[in-house]
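K.L.:
Prediction below, plus the sequence it came from.
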Amino acid sequence: MKTLLNVLICTLMLCALATVLILPVAGDGEVTETTATITIGPPVTPPVTEPTPEPTPVPTAVPTKEPTSEPTTEPTTMPTFVTPPTTEPTTVPTTEVTITVEPTIGGGKGWIDTYGNVDGATVYFDGAPQGTIAGGILSVAVTPTSTPVRTVSVSKSGYTTWSGPLSRMPASGEHVAVYATINPIPTQTTVPPVQNGAIYAQSSPAGAAIYMNGNFQGYSPITLPNLPTGTYSMKASLPGYTPDTQLINVYSGQTATYYPVLQPSPPAPRSTGTVSVTSSPDHALIYADGNYQGKAPLTVTLYPGSHSFRITLPGYTDYTATVSVNPNTNQKLNANLATAVIGTVAITSMPGAAVFMDSNAQGQIPPSGTLTLYAIPMGNHLFRLIASGYSEWMNTVYIRPNTVNPINAPLTPVGPVPTPVPATGGFNIVSTPAGAEVLIDNLFMGYTPATPGGIAAGSHQVLLKYTGYIDYSTTASVTAGQVTPLAISLQPAPTPTPKSAPSLLTLTGGCTAVLAIGIATRRLRP
């Protein structure tokens, strides 16, 4: 009986020892696989036989002391003492159990399905990359009893990163869904720095004071730099001139310009005087201080002071005078014009051509192309120009006194080469009264009514002369192929005031005086 009891105790001890040896192997992370080996039975037998020799002495000593008291409690305490030795043999059975048990107990797969809105995004489990999303999903197979996944993250360059906890690990054959939404990172628009502008101010005349928005800035010309964009009120001021004000727009990075043209300020009101000008003959042209005023008779209004007058009329010598004008008074100026007897001739032709007037040589045309003859008596003169290889030019020209008489004398080359005919036109001239002499560019063209033709296109001087009338002079234009009409009314020349004849009383008194002188002379003779 005692022997049978010992055998039973040894059998229980061996079972307890086997259990203790197997449990540490399952505690190393493959609990499911180790538990499966215990259920199967036979595959676990080989690893148990190897560690048994070493731990056997330890449990043997314990039960021999306490078998009689309460055998039920002994196996409970024994595994506690056997736990330390299991650290060494654990490495050997672990590898063998993993290979054999995996397909049997605790195996299978679950899936963590990560749904994303951006394909190509990378999925991370606890920071470890698992793959990229394609077609809106990435399904990753996991072992349900492996180290649990705590955090799932989804990221892609240019997008925000999504991260969230996994609700639970999937069971075998189960899918656990994770939904991740990532958004594009908004592109930060680079706003270029705002550049200021400038204003360049230059007044005419220069030196004006420049104001901007009412504040003095300096004197023209001046550049006002570093101005924010906007509209500015500019003002230019200069003594004696009316100020100028403008609105100038300044744009970023540009220089606006301000060019004020200042106008002289109107003079202060002051008193004036007048000069009443008459001429003999009438209708003379009046110039005061070189400015044309009109035809005599005329009253000219001037500021007080000394003023120079010139009265001129074709055919008469100019009349000049200086008049002192007093405020609020009238001065009288009567110009008696003397008949002019000489004039000036300006002959334009080919340089080197010889010039003759009334068969008398006058010289040659200079390189400038114009020969000027002075003190030429008024009236008609015959001018002739000759040059080698050219046809001579000859015409009768009326010389007006007290003026410059231009003569254009083109020379035609002699030879077979035809000279191109210039475009010409003509005049149709009528006058009141009819029969006036017609001179065009001082060349006699006949008497009115006249229709001179063959006149070169352009401006020409037209002169009409009639005895007892004032000469009429004007400038008229000729258009090629056309006739220009001219209707001219001549003004009668002023009639000189006749001297009164001596009265009868004056003649009688004169005769008596002569007779008395003769009688007295005889009595005085011895």
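P.N.:
Arrived safely.
K.L.:
Sheet-wise, list the partners of the host helix or strand of residue 124 with their directions.
P.N.:
Per DSSP states H and E, residue 124 falls inside strand 122-125. Partners of strand 122-125 in the sheet, by DSSP bridges, are strand 128-132 (antiparallel), strand 151-155 (antiparallel).
K.L.:
Which of these sits closest to residue 485?
P.N.:
strand 151-155 (99.1 Å; CB to CB). Backbone N, C-alpha and C define where each C-beta goes, glycine included.
K.L.:
where do the helices sit along the protein?
P.N.:
2-26, 31-40, 45-49, 57-65, 74-82, 91-101, 504-523 (DSSP state H).
K.L.:
pLDDT averaged over the shortest one - what is it?
P.N.:
Per-residue pLDDT values over helix 45-49 give a mean of 42.
K.L.:
try stretch 306-315
P.N.:
88.
K.L.:
Centre of the chain to it, how far?
P.N.:
53 Å (CA atoms, centre = their mean, to the nearest Å).
K.L.:
how about it: buried residues?
P.N.:
Within stretch 306-315, the residues that count as buried by 16 or more other CB atoms under 10 Å are 307, 309-315.
K.L.:
Closest one of those to residue 283?
P.N.:
So of the buried residues of stretch 306-315, ranked by how close each gets to residue 283 (CB to CB), first place is residue 313, at 7.0 Å.
K.L.:
quick one, what contacts that closest one?
P.N.:
The neighbours of residue 313, taking CB atoms under 8 Å, 6 or more residues apart in numbering as the test, are 279, 281, 283-285, 337.
K.L.:
How about residue 469?
P.N.:
Here residue 469 is in contact with 433, 436, 490-493 (CB under 8 Å, 6+ apart).
K.L.:
Spit out the contact partners of residue 324.
P.N.:
305-307, 331.
K.L.:
Oh, that last question was meant for residue 161, not what I typed.
P.N.:
153-155, 182.
K.L.:
Next: residue 474.
P.N.:
Counting by CB under 8 Å, 6+ apart, residue 474 has contacts 461-462, 486, 488.
K.L.:
What's the PyMOL line that selects buried ones from these?
P.N.:
In PyMOL, this line selects whichever of the contacts of residue 474 come out buried by 16+ other CB under 10 Å:
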select buried, resi 461+462+486
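K.L.:
got the domain boundaries for this protein?
P.N.:
2-101, 110-180, 220-264, 273-336, 423-494 (automatic domain parsing).
K.L.:
Could you list the low-pLDDT ranges of the stretch 51-200 of the chain?
P.N.:
Counting by pLDDT under 70, the stretch 51-200 of the chain shows low-confidence ranges at 51-107, 188-192.
K.L.:
switch the cut-off to 50
P.N.:
51-106 (pLDDT under 50).
K.L.:
Now do the strands in it.
P.N.:
For the stretch 51-200 of the chain, the strands defined by DSSP state E, counting those that start in this stretch cover 110-116, 122-125, 128-132, 137-142, 151-155, 162-165, 175-180, 197-201.
K.L.:
now swap in the stretch 301-450 of the chain and tell me
P.N.:
So, for the stretch 301-450 of the chain - with DSSP E, counting those that start in this stretch - the strands run 305-312, 319-325, 330-336, 342-348, 354-357, 360-364, 370-377, 379-386, 393-399, 404-408, 424-432, 437-440, 443-447.
K.L.:
Could you dump the contacts of residue 474 into JSON lines and include pLDDT?
P.N.:
What follows is the contacts of residue 474, written out as JSON lines (pLDDT from 0 to 100):
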{"residue": "461", "pLDDT": "90"}
{"residue": "462", "pLDDT": "91"}
{"residue": "486", "pLDDT": "89"}
{"residue": "488", "pLDDT": "90"}
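K.L.:
just curious, which of the contacts of residue 474 is nearest to residue 200?
P.N.:
residue 461 (50.7 Å).
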